[in-house]
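Undergrad: could you look at this predicted model? Sequence included:
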Amino acid sequence: MKDNLITIDGPAGAGKTTVSRELARRLGYTYVDTGALYRGVAWAVRTAGCAGGDDERIGAVCRSVSMYFTDTPRGLRFFVNGEDVSDAIRTQEITMLASALSARAVVRDALLGVQRRLGAEGNAIFEGRDMGTVVFPEARFKFYLDADPEIRVLRRYKELLEKGEDIRLETVRQNMQKRDQDDSSRALAPLKPAPDAVRIDSTAMSLDQVIVVILEHISKRRK
Ligand code: DC
């Protein structure tokens, strides 16, 4: 059992990022957004002009890509091949490409090693889809965060509008439905709760309430 890892899985818009960041801040843990790694690969694949490529081409990009998170005066930023792509990876185009590429073994295999190396570095909170099931099945503290689909759509829509994206609510709804469906039905590491994960429905909960539930569970298990 790995005592130093907290995993938070769940679908898009369930509040994983806000919860994970705040939890990391309170506990003094490193926060790792594994969705950003899939988005980073998607960005690199698109930049290399091989989004429709075969496994060989996609694999070559995965093997050569350099990705890291770094603290800056603007907060935690994410760099791919030396470029700050923190905002560029949040567009709908990259979002959908990341989801499509994440179903491919060549991409998942490449990122598995990256994530496990990060997990060996110390106390960390890993947010994603398969953290508790595949990447860190031995983590001691596992959570699965979910919320009503329409609430998730509205949260994501608001987020995108705040980022200045010109997008319709219906497009966000359709994209999220497709992503939910694809991410949970794929053959490799599909989105699902680990059998030993604590499930939290955040539909009617505030950020603070979710944090309290998680912290209480962790301290109970530690006793
Ligand atoms: O968490 P996110 O929305 O940033 O993730 C983008 C896509 O990456 C998501 O649709 C599926 C994929 N992903 C994954 O397959 N496994 C993870 N651990 C994290 C993300």
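TA: That came through, no problem.
Undergrad: can you tell if stretch 64-76 touches the ligand?
TA: No: applying Cβ under 6 Å from any ligand atom, one finds stretch 64-76 separated from the ligand by no less than 13.3 Å. For every residue, glycine as well, the C-beta is placed using N, CA and C.
Undergrad: please read the previous query as pertaining to stretch 21-33.
TA: No: Stretch 21-33 stays out of contact with the ligand when judged by Cβ under 6 Å from any ligand atom, the minimum separation being 6.8 Å.
Undergrad: what residues sit buried inside that stretch?
TA: Neighbour counts using 16 or more other Cβ atoms under 10 Å place 21-24, 27, 29-33 of stretch 21-33 among the buried residues.
Undergrad: could I get those as a markdown table with secondary structure, pLDDT and distance to R90?
TA: Formatted as a markdown table, the buried residues of stretch 21-33 follow (DSSP: H, G, I helix; E, B strand; the rest coil; pLDDT from 0 to 100; distance: Cβ to Cβ, whole Å):
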| residue | secondary structure | pLDDT | distance to R90 |
| --- | --- | --- | --- |
| R21 | helix | 96 | 15 |
| E22 | helix | 96 | 19 |
| L23 | helix | 97 | 21 |
| A24 | helix | 96 | 20 |
| L27 | helix | 96 | 26 |
| Y29 | coil | 97 | 23 |
| T30 | strand | 95 | 21 |
| Y31 | strand | 96 | 17 |
| V32 | strand | 97 | 17 |
| D33 | strand | 97 | 11 |
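Undergrad: can you name the two of those residues that sit furthest apart?
TA: Maximum pairwise distance among the buried residues of stretch 21-33 (Cβ to Cβ): 16.2 Å, between L27 and D33.
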